[in-house]
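>>> what shape does this take:
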Amino acid sequence: MFTAATQLPILGQVSEVLGAMDPSSTLVQLHLAWGGSTRGRVHIRLSPNTPAAQQFKLLCTGQTGVSYRNTKLHGVGNKGSPGEYVVGGDYEGKGGAGGAGIIDISGGQYRRSVRAGAVLCWPYDAARAAQFAIVTRDREGGKVFLNVFGEVVSGLEVVRAAANHSDITQVTVVDCGIVLNQ
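Predicted structure coming up:
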């Protein structure tokens, strides 16, 4: 695994490895912690044709100098209800008001989903374009989530536990990176 924590010494080598990877199978991971201990890893398979997935990969690896590492989750939407989701990605530390995009993510072939595990973004809000949401409960009533660029393949139980934590702002992405041996 290549993480944001290991980026500086081997950045040139990593850029070569990442460039050679098959973009249709990019797998990234977030390590979540609260209460003084790491609670688990969340593995996310990124969609191949979305700028948001490219940006997410860059922010997981820290290739551009900024990273999701040591950021906090900052919100839970629809808490306890169908369509519940957690929000993170404010690498600027503005309590959810930051997380400006590092690339333009407004184009691309985004999917729609009603399923728990969907990972989505806000491509038309430049101030928050690096933020992401992870859906923890299926949505009901014909409503769909738009701008889906990834899917949790393991660790959804960790995200659900974070959503149930008494204070979501205490949940930290203690590390993140790309999974090289899939």
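
>>> now the most centrally placed residue in the chain: phi and psi?
The residue lying closest to the centre of the chain (C-alpha atoms, centre = their mean) is Phe132, at 5.4 Å. Taking degrees, to the nearest 10, you get phi -140, psi 160 for the backbone angles of Phe132.

>>> bridged to it, which residues?
Legend: beta-bridge partners of Phe132 under DSSP bridges are Gly88.

>>> so where's this structure uncertain?
Counting by pLDDT under 70, the chain contains low-confidence residues at 1-24, 182.

>>> same thing but 90
Of all residues in the chain, those with pLDDT under 90 make up the ranges 1-25, 49, 107-109, 142, 180-182.

>>> helices of that one, start to end?
11-20, 51-61, 156-164 (DSSP state H).

>>> in the shortest one, what counts as buried?
Spelled out, that is helix 156-164. 156, 158-159, 161-163 (16 or more other C-beta atoms under 10 Å). The way it works is simple: take the backbone N, C-alpha and C, and place the C-beta from them, glycine included.

>>> list the helices and strands it packs on?
If you count contacts as 3 or more C-beta pairs under 8 Å, 6 or more residues apart in numbering; DSSP states H and E, helix 156-164 packs onto strand 27-34, strand 37-46, strand 85-88.

>>> and for that helix, what's in contact with it?
When contacts are defined by C-beta atoms under 8 Å, 6 or more residues apart in numbering, helix 156-164 is touched by residues 32, 34, 39-42, 73, 76, 79, 84-86, 116-117, 134, 136, 152, 168, 171.

>>> please check the residues you listed and keep the buried ones.
Neighbour-count burial within the contacts of helix 156-164 applies to 32, 34, 39-42, 73, 76, 84-86, 116-117, 134, 136, 152, 168, 171; the criterion is 16+ other C-beta under 10 Å.

>>> measure the residue lying closest to Gly98 once chain neighbours are set aside to Gly80 for me?
With sequence-adjacent residues excluded and distances taken as C-beta to C-beta, 6 or more residues apart in numbering, Gly98 is closest to Glu92, at 3.2 Å. For Glu92, the distance to Gly80 under the criterion C-beta to C-beta, to the nearest Å works out to 29 Å.

>>> same drill for the two, tell me which one is more crowded.
In this view Glu92 and Gly80 are compared by other C-beta atoms under 10 Å, and Glu92 has more residues nearby, 15 against 9.

>>> surely the more buried one and Ile102 touch.
No. The pair Glu92 and Ile102 does not pass the contact test of C-beta atoms under 8 Å, sitting 11.0 Å apart.
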